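> Structural data only, the sequence is not supplied:
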DNA sequence: ATGCACGTTCAAAGTGTATTGAACATACAA
DNA sequence: TTGTATGTTCAATACACTTTGAACGTGCAT
C-alpha cells in the first residue's frame, strides 16, 4: 500500500499552480506544467499514482502527461528496486527543455509553411491565365507571394543558425 | 452602395485559410490571420464591410480584429477620399509584425515570471521554520528555486540582448 | 491458467477561449 | 433635431482543445 502522500509545502503548491497556468497559456496544456513542477520539487522520484493524488488529475492525464514530457526530455523514468511501478524524476536542465519544446512547436510550423508556400507557387502557375481577374491584380499577388517566400527563407535561416542554437543552450 | 466584392482568386482563398489556421495554432485567434492575409493580398485598401463579406465573419470580429492588428502594426488605417468608412491596408514588413507579436506575448510572460519568482522567494522566507517538512526537504526546495531564478535571469538577458533584437529585425 | 497491479487508449464530457450579433455610441447630412 | 451610416461593446453562444474514466492490454506472481 502506498503511504499517504505527504502534504505539499505551500510554496510548492503555489508553484505547481503557476506552472500549470504558464504551460496552459503557452498552448501545451495545464497538466504538463503541473506534473513537471511537481517532479521538479520532489526530492524522490514519483509514480503515476503519486501524481494523481498530489495534483488531483486523472490516471489518463498523468500517463499522457509524462509521456509527452519524456519526449521533450523534461522528465526521465527511473527504476526503484522492489517496486514495479514507473517512477519519474524531473530533468533540471531547463534550457534543454525549452529548446526541445520550441523545436517541436515553432520548428515544425516553419517546415509546414515551406511545403505550403511551394504549393501556392504551383497553384499560381498551374491556374494559367484563365482567371477573370485583371493582369494587374495577378501581378500584385505574385509580387506578394514572392515577398512571402523571401521572408520565409530568411526566417528559416535564422531559425537554423548557429546563433539561435547557442542562445537556446 | 458597395459594389459586390469581386470573387477572390483560389490561391488567395487558400492562403487566407492557411493563415487563419496558423494564427489559430499560435493561440492568437483565427480571424487575425484571415484579416491580415486578406489585406495582404488586396491591391486596394479594404473596409470592415469588405472583410465581413470576403471572410464571412461578423461585424464585431472585423472591428476587434483590425484593432488588434493595428496594435501590432500589422495593418494601418488609410484615408479614401469621398468615403467615410475606415479603410485598412497591410503592413508588408513581416519581420516587424512578428517582432511586435513576440514582444507582446513572450516578453509579457517573462516579466510576469519575474514578479512570481520574487513572491515565491518571499513566501519561502516568510514561512519560517514552522513547516512540518524535514529540513532536508526544505533545503532541496530552496536549491531548486535558486536554480530557477538563475535560469530565469539568464533567459531575460538573452531575450533583451541585442543579438535577439537583431535577429528579429 | 487465473488473478492482480499497473499502464494505455480514446470516445465522451468538460472547460476555456474566440466569435457572434443586438444594443449602443458617434458623427455627419439634411 | 432627426435620420442615416458607420464603428464599438460585451453578454451569450459556439467552438476547439483539454481532461476524464471505463475498457482494454500486458506481464508478473501464484
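Nice, thanks for sending it over. None of these values were measured; they are calculated from a predicted model.

> Surely residue A:147 touches residue B:92?
Yes: using CB atoms under 8 Å, residue A:147 makes contact with residue B:92 at a distance of 6.2 Å. C-betas here are computed from N, CA, C, even on glycine.

> near DNA strand D, which residues of chain A?
Residues of chain A found near DNA strand D (CB under 7 Å from any atom of the strand) are A:24, A:27-32, A:56-61, A:64, A:84.

> Break chain A into its domains for me.
A:10-92, A:95-167 (automatic domain parsing).

> how far out from the middle of the chain is the helix or strand in which residue A:96 is found?
Element membership for residue A:96, per DSSP states H and E: helix A:94-102. What separates the centre of helix A:94-102 from the centre of its chain is 9 Å, taken as CA atoms, centre = their mean, to the nearest Å.

> And stretch A:51-70, by the same measure?
16 Å.

> which residues sit against it?
A:2, A:5, A:8, A:16, A:28-29, A:31-32, A:34-36, A:38, A:46, A:48, A:75-77, A:86, A:88 (CB atoms under 8 Å, 6 or more residues apart in numbering or on different chains).

> In strands only, show me the residues you listed.
A:46, A:75, A:76, A:77, A:88 (DSSP state E).

> Show me which of the residues you listed are buried.
A:46, A:75, A:88 (16 or more other CB atoms under 10 Å in any protein chain shown).

> wait, isn't the last one in contact with residue A:76?
Yes: counting by CB under 8 Å, a contact exists between residue A:88 and residue A:76, whose distance comes to 6.8 Å.

> re earlier: so how do I select the buried members of the contacts of stretch A:51-70 in ChimeraX?
Command for ChimeraX that selects the buried part of those, burial taken from 16+ other CB under 10 Å:
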select /A:8,16,28,31,32,34,35,36,38,46,48,75,88
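
> Let me see the ranges of the helices in chain A.
A:10-25, A:30-40, A:48-55, A:59-71, A:94-102, A:108-127, A:135-160, A:162-167 (DSSP state H).

> could you check whether the second one is close to chain B?
This points to helix A:30-40. Yes: contact of helix A:30-40 with chain B (CB under 8 Å from any CB of the partner chain) involves residue A:40.

> What of the first one?
Yes: part of helix A:10-25 sits close enough to chain B to count as contact by CB under 8 Å from any CB, namely A:10, A:11, A:12, A:14, A:15, A:18, A:22, A:25.

> Format these as a markdown table; extra columns: pLDDT and distance to DNA strand C.
Shown next, in a markdown table, are the residues of helix A:10-25 next to chain B (pLDDT from 0 to 100; distance: CB to the nearest atom of the strand, whole Å):
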| residue | pLDDT | distance to DNA strand C |
| --- | --- | --- |
| A:10 | 89 | 22 |
| A:11 | 90 | 23 |
| A:12 | 93 | 21 |
| A:14 | 93 | 17 |
| A:15 | 94 | 19 |
| A:18 | 94 | 14 |
| A:22 | 92 | 11 |
| A:25 | 90 | 6 |
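
> Now a PyMOL select for only the buried ones of these.
In PyMOL, a selection of the buried entries from the residues of helix A:10-25 next to chain B looks like this (16+ other CB under 10 Å):
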select buried, chain A and resi 11+12+14+15+18+22
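
> Would you point out the most distant pair within the residues of chain A next to DNA strand D?
The most widely separated members of these are A:27 and A:84, with 35.2 Å between them, by CB to CB.

> the more surrounded of the two?
A count of neighbours by other CB atoms under 10 Å in any protein chain shown puts residue A:27 above the other of residue A:27 and residue A:84, at 10 against 7.

> Apart from its chain neighbours, what residue comes closest to that one?
Spatial nearest neighbour of residue A:27, excluding adjacent residues (CB to CB, 6 or more residues apart in numbering or on different chains): residue B:27 at 4.6 Å.

> Kindly report the same for residue A:141.
Closest residue to residue A:141 apart from its sequence neighbours, by CB to CB, 6+ apart: residue B:41 at 5.7 Å.

> Now the one you found: phi and psi?
phi -100, psi 10 (degrees, to the nearest 10).

> How about the contacts made by it?
A:140, A:141, A:144, B:8, B:12, B:15, B:16.

> Okay, the residue lying closest to the fourth one once chain neighbours are set aside and residue A:85: tell me how far apart.
Counting by CB to CB, 6+ apart, the nearest residue to residue B:8 once its immediate chain neighbours are dropped is residue B:54, at 6.3 Å. Plainly put, residue B:54 is 57 Å away from residue A:85 if you go by CB to CB, to the nearest Å.

> Among these two, which residue is more densely surrounded?
residue B:54 (22 against 12).
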